[in-house]
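Engineer: need a 3D model of the following:
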Amino acid sequence: MTAAYSESIFHPRGWSVTFVSLLPPFARPNSINSATKHAWNQPYRGRHHVLLKRTLDDIVADLSLEYSNFVPIVQSSGTGKSRMVDQLATIVFTLPFNLRSYSDTSGYPPADDPIRGYLSINNHRDTNDSLRGRYLLFLEVLFTHIYEIIREWPTHKDRTTFASEWREHLNKQSKRTEIYNEVTFGMAYQYLSEAAQKALNAAQKLIAEVRRAGNTPTITPPNHPAEVDVVLYFDESHGLTTQNTTDRTASNDTVTAYETLCWALNNLRSGEKNDNVKLVALFLSTSFDIATPPPSYWADCTHLQPPVVELPFDLWKTKYIAVKGTHMIEDVCRPEFMVRFGRPLFWTRWEAGGRMVRNYIIDFAQSKLICSDNPSDLSVQAKIAVLARRLLVDFEPKRAPAIWMAKELVAGHMHVVYSVPAHREHLAAGAPSEPILSEAAARIMASDNFETAELLSKYLSDRLITRDAQGKLVGRLLLIQAFDAAVIQKSVRDRIRPIHFSTAIPVIDFLASLFPERYEKMICETTPDNTHGATLKEAFRNAVVYFTHWGKAVDSSMINDRGAWLAMCRGMALQCHDYEDDIDFFIPVLYDRRQTLSRFAMSAILIQLKNRDKVQAANISAETLHYFTPGNREQNSRPYITIIMEFGLKPYPFAKQKSIGYSAPVQGTPKIAVKENNERKPLPRQAKKAKSVTHPRYSFWVTGCSESVYRVIPRNQGHIYKGLLGSDPLLEEHPRQNEHHLDAVLQMKSGWTTESFRRGKSSKPDLGMESELQTDELDERVMAGPFADSSEENDSSEENDSSEENGFSAEIYTSE
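Structural biologist: You can find the predicted model right below:
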């Protein structure tokens, strides 16, 4: 009977869709092996192997430091670690070893069984000394055997030609296995004192022969840059970190096979800076166990080489992944376009695979993301990986559980390591923009057993993920949930199965999914607030949005129409950099879906977040941001949308909450803010009119964070979203979570707000906590102008108070 799994799609409006699909054919071993082998043989793209050689050349320039002649290469699956070192073998003489476990039959190239078997620990017999002797003997016999082979070879044109020919020799059918069988056959135990010197002598002899065959001087000329002569690499080497010898060190540490092999390699250095043994070993793995080994040998050593993490990304088979004015929106939403971005795994597999592999490429991506073929039974790591893939979730950088989780996501859930400091105490890792993985994550998030907000709340409270400023996580969540809801509605309406979230959605449908139904008419009939123009529904009748995940801009260079079309090519919305004052989010909009993607076809939804209890005036201007590229008359009249999301919560507990909002300041005659009960109040004083305003702006202001203003928040879950907005981390972890104790903590002035002065005398007189400091209402202020005068501020405060009495706890405004 064919295995199958079901998946339900829940829509915030109350209905659900369930579909059943067969076990994906990619799960069948024959299909995996065939596609993986053909993908391996795709032409290598990029020059990362040259960059790696440069790193190794720098290392061999000085090998006098202890344990300096081996380097871990750590990165997640599919990033091209194995392929990079294989390409390195075309320019450097290389001895490759694949230590993949016996149970893993899906990988390629195949495992080197003789080498893996010899390096494995016999748990009943191997002591520290016996394993050291065995590994030194292995190195001696290996170098001697390879020397005997290449001594018969003629001198080549240069070292690169010789290295490439040696690689081809090993790739001949069964030749590599034959050589390794000969190396490991019949080796006998040696005394350590003899083995260490013999291994070093054999290495020096081999390197001399490698230089001869590569037409390289035996002795490096003075002032000539150092170059690595021989590279050994051990792929899938994490298995060595789980095997321990039978005894312990003097400090009672266990010793792993990995540590012992590193010790043996360390003996290949003579300790002299100009030593001729320019040999480096590479250890490849997705696991950080090879980058942070137990310090049984090198407890006081600070000279370990930092892990290499620089691997290919966004390298496709041609020079340009996307070309302006070439792609329709329907093109960029297809899997064959999506696989171009990110790690090489997906595009090489797409190119090498047949119809079956291509039809199930998203299922394959899903299985890689969650490290399972069953999306209905997810581990904690898998759930966090799904959230991070779409929502730009970061980890607490200095908390041990969060660091451990980040390493787990790299090892098994497609997280990417950006950098590892030399001290290795933490790492920088994340989920960069990879559309195919974001699509896979979207399908999982849409299932009815994936409670996104609850999971985020739990992981925040556990301090596994970072709570960013001003409720940005909540903003990202609400916006992407609105997009998903619009996709689901469209798919159900058009009977599309399975639901494909990489789909362009009309702007009107996106806004309708974001805000409650009672505001739909108001939104559609909104007109520009900075010029005369058509209604929003008319102006954006052909406009679409497409974003399955969030990226982060590191400067302002992406906040323009050029950045918009580049981001839309990969289905990405952007969070602005931390120092961007005017906006926090930027959602690309294709103004007319009948046009090809280019900067002149783009508009935007520009969003500013606020997480304050007091409404403040704000003005988002595309002209100020220099968002639009000047063009012809039609291009200079592209409209855009602004949204101010005022969540209106104070970061400290027990503070009086006020919630009232105004639409964004407009230019010209003051407009009227439209409120739920049709009450009308004038907007604040207008900002000075900007010059050359030609792009119509449709502005919205939203206050609150509940189902009354955001359609995607399920009923009775508003408190979960508000909980995500942020509070003092000190209070979150305080062991006594009640009002009296938390108020007492705040009285100790761990942080300062104006409420800090009012906590001079406790509001809980029955507790008897008095203070010498008591204050009245504060009139003293430190200001940097220009600011509104005190009368205007008082008026605003009075309006806030009255609005609270009238029940305006959460509203949407738009200027009309």
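Engineer: in the stretch 301-450 of the chain, where is pLDDT below threshold?
Structural biologist: 301-302 (pLDDT under 70).
Engineer: quick one: the strands in it?
Structural biologist: For the stretch 301-450 of the chain, the strands defined by DSSP state E, counting those that start in this stretch cover 416-419, 428-430.
Engineer: what residues does stretch 435-442 touch?
Structural biologist: 335, 338-339, 341-342, 346, 361-363, 365-366, 368-369, 385-387, 389-390, 414, 431, 484, 500-502, 548-549, 570-572 (C-beta atoms under 8 Å, 6 or more residues apart in numbering). For every residue, glycine as well, the C-beta is placed using N, CA and C.
Engineer: which ones among the residues you listed are found in helices?
Structural biologist: By the criterion of DSSP state H, membership of these in helices covers 335, 338, 346, 361-363, 365-366, 368-369, 385-387, 389-390, 484.
Engineer: can you show me the helices along the stretch 201-350 of the chain?
Structural biologist: All helices of the stretch 201-350 of the chain, identified by DSSP state H, counting those that start in this stretch, fall at 257-266, 329-332, 335-338, 344-352.
Engineer: quick check, L574 in a strand?
Structural biologist: Yes: assessed with DSSP: H, G, I helix; E, B strand; the rest coil, L574 lies in a strand.
Engineer: that one and M568 touch, don't they?
Structural biologist: No: contact criterion C-beta atoms under 8 Å: L574 and M568 do not qualify, at 10.6 Å.
Engineer: more neighbours: the two, which one.
Structural biologist: Neighbours of L574 and M568, each counted by other C-beta atoms under 10 Å, are more numerous for M568; the result is 27 against 24.
Engineer: does that one touch T596 like I think?
Structural biologist: No: judged on C-beta under 8 Å, M568 makes no contact with T596 at a distance of 11.4 Å.
Engineer: show me where pLDDT drops low in the stretch 701-816 of the chain?
Structural biologist: 726-734, 737, 749-816.
Engineer: any idea how far the most centrally placed residue in the chain lies from F585?
Structural biologist: The residue lying closest to the centre of the chain (C-alpha atoms, centre = their mean) is A431, at 1.4 Å. According to C-beta to C-beta, to the nearest Å, A431 and F585 sit 18 Å apart.
Engineer: same deal with R697?
Structural biologist: Following C-beta to C-beta, the distance that separates R697 from F585 is 16 Å.
Engineer: check E520 too.
Structural biologist: Distance from E520 to F585, by C-beta to C-beta: 22 Å.
Engineer: the more surrounded of those two?
Structural biologist: Neighbours per residue, other C-beta under 10 Å: of E520 and F585, the larger number sits with F585, 23 against 15.
Engineer: which SS class is the closest residue to Y591 other than its chain neighbours?
Structural biologist: Leaving aside its chain neighbours, Y591 sits nearest to S603 (4.5 Å; criterion: C-beta to C-beta, 6 or more residues apart in numbering). Look at S603: counting by three-state DSSP, its state is strand.
Engineer: ok, S603 - contacts?
Structural biologist: Contacts of S603 (C-beta under 8 Å, 6+ apart): A543, D561, A564, V589, L590, Y591, R638, P639, Y640, I641.
Engineer: quick one on the thing from earlier: just say which of the strands of the stretch 301-450 of the chain is most tucked in.
Structural biologist: A comparison of the strands of the stretch 301-450 of the chain by mean neighbour count, using mean count of other C-beta atoms under 10 Å, puts strand 428-430 on top with a mean of 19.
Engineer: that one - contacts with which helices or strands?
Structural biologist: In terms of contacts (3 or more C-beta pairs under 8 Å, 6 or more residues apart in numbering; DSSP states H and E), strand 428-430 is packed against helix 400-412, strand 416-419.
Engineer: out of those, which is the most enclosed?
Structural biologist: helix 400-412 (a mean of 20).
Engineer: neighbouring contacts of that one?
Structural biologist: Contact partners of helix 400-412, identified using C-beta under 8 Å, 6+ apart, comprise 74-77, 286-288, 371, 381, 384-385, 388, 395-397, 415-417, 426-427, 429, 462-465.
Engineer: filter these down to the buried ones.
Structural biologist: 74-77, 286-288, 371, 381, 384-385, 388, 395-396, 415-417, 426-427, 429, 463-465 (16 or more other C-beta atoms under 10 Å).
Engineer: what sits against F395?
Structural biologist: A402, I403, M405, A406, A429, L464, I465, T466.
Engineer: for it, which non-adjacent residue is closest in space?
Structural biologist: Closest to F395 by C-beta to C-beta, 6+ apart is A402, at 4.3 Å.
Engineer: quick one: the one you found from V393, how far?
Structural biologist: 11 Å.
Engineer: those strands in the stretch 601-750 of the chain, which residues are they?
Structural biologist: 602-610, 640-646, 672-674, 680-682, 697-703.
Engineer: so which of those is nearest S556?
Structural biologist: Within the strands of the stretch 601-750 of the chain, the stretch nearest S556 is strand 602-610; the backing value is 12.7 Å (C-beta to C-beta).
Engineer: tilt between the closest one and strand 697-703?
Structural biologist: 30 degrees (axes from the mean of the first three to the mean of the last three C-alpha atoms, to 10 degrees).
Engineer: dump strand 602-610 to CSV, keeping only the CA atoms.
Structural biologist: Extracted C-alpha coordinates of strand 602-610, given in CSV (Å, rounded to 0.1, in the frame of the first residue of the first chain):
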residue,chain,number,x,y,z
MET,A,602,7.3,49.0,-9.3
SER,A,603,5.5,50.7,-6.5
ALA,A,604,5.5,49.9,-2.8
ILE,A,605,3.6,49.6,0.5
LEU,A,606,5.7,51.5,3.0
ILE,A,607,5.1,50.7,6.6
GLN,A,608,6.1,52.3,9.9
LEU,A,609,5.7,50.6,13.2
LYS,A,610,5.0,52.2,16.6
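Engineer: can you list the strands that that strand pairs with?
Structural biologist: Strands that pair with strand 602-610, judged by DSSP bridges, come out as strand 585-590 (antiparallel), strand 640-646 (parallel).
Engineer: what about P225, how many neighbours?
Structural biologist: 9.
Engineer: so who does it touch?
Structural biologist: Residues counted as contacts of P225 (C-beta under 8 Å, 6+ apart) are D57, A61.
Engineer: now it: how far from E623?
Structural biologist: Taking C-beta to C-beta, one finds P225 at 53 Å from E623.
Engineer: likewise for F540?
Structural biologist: 19 Å.
Engineer: let's verify L63: helix, strand, or coil?
Structural biologist: Assignment for L63 (three-state DSSP): coil.
Engineer: that one contacts V71, correct?
Structural biologist: No: assessed by C-beta under 8 Å, L63 is found out of contact with V71, at 12.0 Å.
Engineer: is P72 located within a strand, as I assumed?
Structural biologist: Yes: judged by three-state DSSP, P72 forms part of a strand.
Engineer: wait, it sits on F283?
Structural biologist: Yes: P72 is within contact range of F283, at 4.9 Å (criterion: C-beta under 8 Å).
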